[in-house]
Structure formats: C-alpha cells, structure tokens
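Engineer: Build the 3D model from these lines:
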Amino acid sequence: MVVVAKHGQVFGCGDNRFNQIGVQSSEKYLFELSELPEFPHIAQKVAAGLKHTLIEVENGNLYAIGDNSQGNLGQGHKYSSDSPLKVHGLSGVKIKEIAAGRHSAVVTETGQLFVWGPALDPSRPILSPQELRADRAVKTIAVGEHTSALINQDGHLYTWGLSNSSGQLGIRNEDEQQNLPVLVTALCERIASTVAVGLNFCIALGQDCSAADARKAR
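Structural biologist: This is a model prediction of the structure:
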C-alpha cells in the first residue's frame, strides 16, 4: 500500500522486496507505514503496481521506483532503482490520471493514453512511455495484475490482458491473451463511467443509454 499524506509526503507498507516503497530495510515486508526518505518533491498522486510505484508530484512530473526488469519505470532501459527516478518521455504532458499494475499508464488532460512496461505484448515490454492512439479520447484506465481496462469519451469499455480464462475481459469465446484493447460489446448500449479490475475479474459502473445514443457513440 502507498499513500500521500496531507503535506505531500509518501508513505508505504507491505511488500518491499523490489524496493518499490523506497525504504531501505533488511525486512522484505514492512508492517508499519514508513515514509519514503529524502524525496524532495510534494506528491499529489501515487499508484502502486505489482513491483513498482508511480508518484506524480506538484509540478506535474512523474517519478517511478522499484523493479524495472520489464520497463515499468519508463527509463528506456531495464535497470531497477531503489530511489525515485523521473519518468522519461512525458515532457509537456499534463497528467490527469496515473495507474500501475502489471504495467504503467498515464491518461492526459486531453485524453491521450501513454503506456509502458509489459503493457501490450508481454514478451516485448515497452521501456519508455508510448502513446496508445485511438479515435476517441480516453477518460479513465485501470491496470491490474493480469487485466487492463479503459473507458473512452463515449463511455465505451475496452479490455485487454494476459488471459480471459475466467471471462474477465468481458468477451465471449476467447480464452487467450489479448495484446490490444478490445471493445466489450455487451455494454455498447450503456455508458460506462468508472472501471476497476481485480485478479480475475473486471467491474464497471455506468448507466443505460438509448439505442440511438449507443449507435451515435459508435
């Protein structure tokens, strides 16, 4: 778990085997909230991934710490770090939302989506932020251990991930990994507003819309 305190300090507890909390300790697991030491920035948002942490600071820059064996720190290489490093390739980008799980992601204020780490094909990790282009602006994203999901400006839900063995992607007759976002057609006549992903499931909040609105949104 990672949290931002009132005055912008970063605290964490739990699994620190990959130094994703940034606290130097002989213990692999931290059972009490510990402050990230010597971090000179005021944090605004944090996102805890499987083995890394993302921290957005007051000036809009993004920092990452922890395991980088699959590029989740966005440094252009695979060397891990036990202290926060500024993520490369996001200069001039105004961040609206950050997300971390098996990979890293950022949604900008203009609806652009940037991803890095094992975000698409897990055998070919992305070492620096890469824009995932779409014909509609992205509203929000959720990244889990196996599954990722996004909602676009029309309220359509898209999912992708390592497996659909439990139906977690919301698509039928597919049980293999999906490397690119695929539309959840069962929700085409609904407007999704929020999405969350668990280990082997996905849940969305939204409302019904008329058939005409649904066709227009397509």
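Engineer: residue contacts, the nearest residue to residue 158 once chain neighbours are set aside?
Structural biologist: Excluding the flanking residues, the one nearest residue 158 by C-beta to C-beta, 6 or more residues apart in numbering is residue 181, at 3.7 Å. For glycine as for every other residue, the C-beta is placed from the backbone atoms N, C-alpha and C. For residue 181, the contact set (C-beta atoms under 8 Å, 6 or more residues apart in numbering) comprises 132, 134, 148, 150, 158, 159, 160.
Engineer: Need the three-state assignment for the fifth one.
Structural biologist: I take that to be residue 158. Three-state call for residue 158 (DSSP: H, G, I helix; E, B strand; the rest coil): strand.
Engineer: May I ask which of the contacts of residue 181 has the most neighbours?
Structural biologist: Most neighbours among these, by other C-beta atoms under 10 Å: residue 148, with 27 neighbours.
Engineer: Number of residues surrounding residue 172?
Structural biologist: Residues lying near residue 172 (other C-beta under 10 Å) number 9.
Engineer: For this structure, which element, helix or strand, carries the lowest mean pLDDT?
Structural biologist: Least confident helix or strand, the chain: helix 211-217 with a mean of 50, by mean pLDDT, DSSP states H and E.
Engineer: Are we agreed that the residue nearest to residue 158 is in a helix?
Structural biologist: No: per three-state DSSP, residue 181 lies outside any helix segment and is strand.
Engineer: residue ranges with poor pLDDT in this structure?
Structural biologist: Applying pLDDT under 70 to the chain flags residues 173-175, 210-218.
Engineer: Let me know whether residue 131 touches residue 111 as I believe.
Structural biologist: No: at 11.0 Å, residue 131 does not count as touching residue 111 under the criterion of C-beta atoms under 8 Å.
Engineer: Identify the residues contacting the residue nearest to residue 178 when sequence neighbours are not counted.
Structural biologist: In this structure, residue 178 finds its nearest non-sequential neighbour in residue 160, 4.3 Å apart by C-beta to C-beta, 6+ apart. Contacts for residue 160 (C-beta under 8 Å, 6+ apart) come out as 120, 147, 148, 149, 169, 178, 179, 180, 181, 182.
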